[in-house]
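J.: fold the following.
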Amino acid sequence: MEREILFRGKRLDNGGWVYGLPSKSRYMGEGNLVPCIDYEEKGVMLSSCINPETRGQYTGLRDKNGIRIFEGDVVQVVIEECEIDTAVVYYDSNWAAFAVYYVSANFDNEQLGGLTLDGCEVIDNEWDDPELTEVQNRD
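T.: Next up is the predicted model:
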């Protein structure tokens, strides 16, 4: 089975998400080089400049509802079949794989690489709802 290669990023012009493939960067004001994503819309190839901090790659996985999981997504994961926790998905260059970083006090903000995302659910992403990535203290 071929893995789908797909990236996303927040557009600089309107703040909306764009999904496609990375393309050559462009110079935008004061000589700043800005990354872009190419995508097809109604049969026409387009390109949008994006905020580089929001660029993320599709993991090749989908959540329990069929939603694609990207770097930067905040997911709810099931731990040991009974406990639900929140984590952020990211690419870990040390593992050369996608990993998750827990954002709850239950796991003391630890990183768990190679964790299966089976049964997880995408609830948002770290840019649209940054509060989700703050440590949640549980009493």
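
J.: only C-alpha atoms for contact and neighbour calcs from this point on.
T.: OK.

J.: determine how far stretch 37-55 lies from the middle of the whole chain.
T.: Here stretch 37-55 shows a centroid-to-chain-centroid distance of 16 Å under the convention C-alpha atoms, centre = their mean, to the nearest Å.

J.: could you tell me the end-to-end distance of it?
T.: Taking C-alpha to C-alpha, to the nearest Å as the measure, stretch 37-55 stretches 9 Å from start to finish.

J.: list the buried residues for it?
T.: Using 16 or more other C-alpha atoms under 10 Å as the test for burial, stretch 37-55 gives I37, D38, Y39, S47, S48, C49, I50, N51, T54, R55.

J.: can you list contacts of it?
T.: 7-13, 18-23, 25-26, 34-36, 72, 127 (C-alpha atoms under 8 Å, 6 or more residues apart in numbering).

J.: mean confidence for the longest strand along the chain?
T.: Ordering each strand of the chain by length in residues (DSSP state E) puts strand 17-28 first. Averaging pLDDT along strand 17-28 yields 86.

J.: which residues touch that strand?
T.: 5-11, 32-40, 47-49.

J.: that strand pairs with which strands?
T.: strand 7-10 (antiparallel), strand 32-41 (antiparallel) (DSSP bridges).

J.: of those, which is nearest T59?
T.: Distance to T59, taken as C-alpha to C-alpha, is lowest for strand 7-10 among those, at 9.4 Å.

J.: now that closest one, how far from the chain's geometric center?
T.: 9 Å.

J.: tabulate the CA atom coordinates of it in PDB.
T.: Taking Å, rounded to 0.1, in the frame of the first residue of the first chain, the C-alpha atoms of strand 7-10 are listed here in PDB:
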ATOM      1  CA  PHE A   7       1.200  18.500   4.100                       C
ATOM      2  CA  ARG A   8      -0.900  21.300   5.600                       C
ATOM      3  CA  GLY A   9      -0.200  24.900   6.800                       C
ATOM      4  CA  LYS A  10      -2.100  28.000   7.700                       C
END
